[in-house]
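Chemist: Structure for the following, please:
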Amino acid sequence: MEKRGENGSDELNRRAQVLVEALPYIRQFHDKTMVIKYGGAAMKEEALLEAVMLDVILMRYVGMRPVIVHGGGPQIDELIRKMGLEPRFVDGLRVTDEQTMKMVEMVLVGQINAHLVSTINRLGGSAVGLSGKDGGLIRARKINYRRKGDGSEMEIDLGQVGEVVKVDARLLHTLEEAGFIPCIAPIGADEEGRTYNINADSVAGEVAAALGAEKLILLSDTDGILGRSGELISTLYREQIDSLIREGVIAGGMLPKVEACLRALEGGVSKAHIVNGKRPHSLLLEIFTEKGIGTEILN
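Modeler: Numbers count the residues shown, from 1 in each chain. Below is the predicted model of the structure:
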């Protein structure tokens, strides 16, 4: 019969092995920026949210420079419905009139951003909340959206929906040097000060490129990019992506995520990852283990 002490020794050895396996990655990524896009179902469950924030805090303590960009689509929909209205979308893009823009900003900046910052600070980290309007961080412009169909194009006014023109990373560099974890709400402004709602995946890709990040990590509601038979594609090269889009393997909500990854790679980011944020400690498993758990996209 196995002794109780032997069981305990095996468990301690297993834990030590985990730390040893992580050491090369801690050394490799020391002082490197990691941009993490956080959103979806994992954000709505408080236990999962805390697990993700603990991962981010650990990354900071071992010498990495995590930067968070967050979304908040479900929470925005919830507020709009509470106001007696119905969310409107065109091809997955939120129609954002002036009234909706106020609610978007209220949820993203006043609710979600503030909650992430307070959670990180409560758990032992040091976070600072930002929107793209702070310090001129994100210069934006209105999207002129054209819907294609039947060989013709129709221009649709989406309201205050924008795209990133430029990211001024000086404020982020200052916060990183001071040991803070920046948390960014995906809102920007144009030269006239008009506010725009921007896709959070796109903002994360642009921020990663502007910072020269080592990695862009998108926390999704799925395990990563799935192949034709539903299997996880663990590694994907950028030259493979166009054919997968044409075949419909990459479609729907995965498209803006992949586009954000490509933008980051174009900007000099070494690797982009799409990982299931509903899996506890998925960030640590992707960064600190040899195999990882999601899809990595490389040049």
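Chemist: Dump stretch 120-136 to PDB, keeping only the CA atoms.
Modeler: The C-alpha trace of stretch 120-136 is given here as PDB (Å, rounded to 0.1, in the frame of the first residue of the first chain):
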ATOM      1  CA  ILE A 120      -6.600  43.900 -10.600                       C
ATOM      2  CA  ASN A 121      -5.800  46.300  -7.800                       C
ATOM      3  CA  ARG A 122      -7.800  44.200  -5.300                       C
ATOM      4  CA  LEU A 123      -5.900  41.100  -6.300                       C
ATOM      5  CA  GLY A 124      -2.500  42.700  -5.800                       C
ATOM      6  CA  GLY A 125      -1.700  44.300  -9.200                       C
ATOM      7  CA  SER A 126      -1.500  47.900 -10.200                       C
ATOM      8  CA  ALA A 127      -3.800  48.800 -13.100                       C
ATOM      9  CA  VAL A 128      -4.700  52.100 -14.800                       C
ATOM     10  CA  GLY A 129      -7.900  52.400 -16.800                       C
ATOM     11  CA  LEU A 130      -7.900  54.300 -20.200                       C
ATOM     12  CA  SER A 131     -10.100  54.900 -23.200                       C
ATOM     13  CA  GLY A 132      -8.700  55.700 -26.500                       C
ATOM     14  CA  LYS A 133      -9.600  59.300 -25.900                       C
ATOM     15  CA  ASP A 134      -7.200  59.600 -23.000                       C
ATOM     16  CA  GLY A 135      -3.900  61.300 -24.000                       C
ATOM     17  CA  GLY A 136      -4.800  61.100 -27.600                       C
END
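Chemist: what's the average pLDDT for it?
Modeler: The average pLDDT for stretch 120-136 rounds to 96.
Chemist: Same question for stretch 9-27.
Modeler: 81.
Chemist: what sits up against it?
Modeler: 62-63, 287-290 (CB atoms under 8 Å, 6 or more residues apart in numbering). Just so you know, the C-beta spots here come from the backbone N, C-alpha and C atoms, and that holds for glycine as well.
Chemist: Could you list which of those residues belong to helices?
Modeler: Members of the contacts of stretch 9-27 lying in helices (criterion: DSSP state H): 287-288.
Chemist: now, which of the contacts of stretch 9-27 sits nearest Gly73?
Modeler: Nearest to Gly73 among those: Ile287, at 25.7 Å, using CB to CB.
Chemist: can I assume that closest one is in contact with Lys32?
Modeler: No. Checked against CB atoms under 8 Å, the pair Ile287 and Lys32 is beyond contact range at 10.3 Å.
Chemist: between these two, who's got more neighbours?
Modeler: Using other CB atoms under 10 Å, the more surrounded residue of Ile287 and Lys32 is Ile287, with 23 against 16.
Chemist: From Gly227, how far out is the more buried one?
Modeler: Going from Ile287 to Gly227 by CB to CB, to the nearest Å gives 24 Å.
Chemist: ditto for Gly205
Modeler: Taking CB to CB, one finds Gly205 at 23 Å from Gly227.
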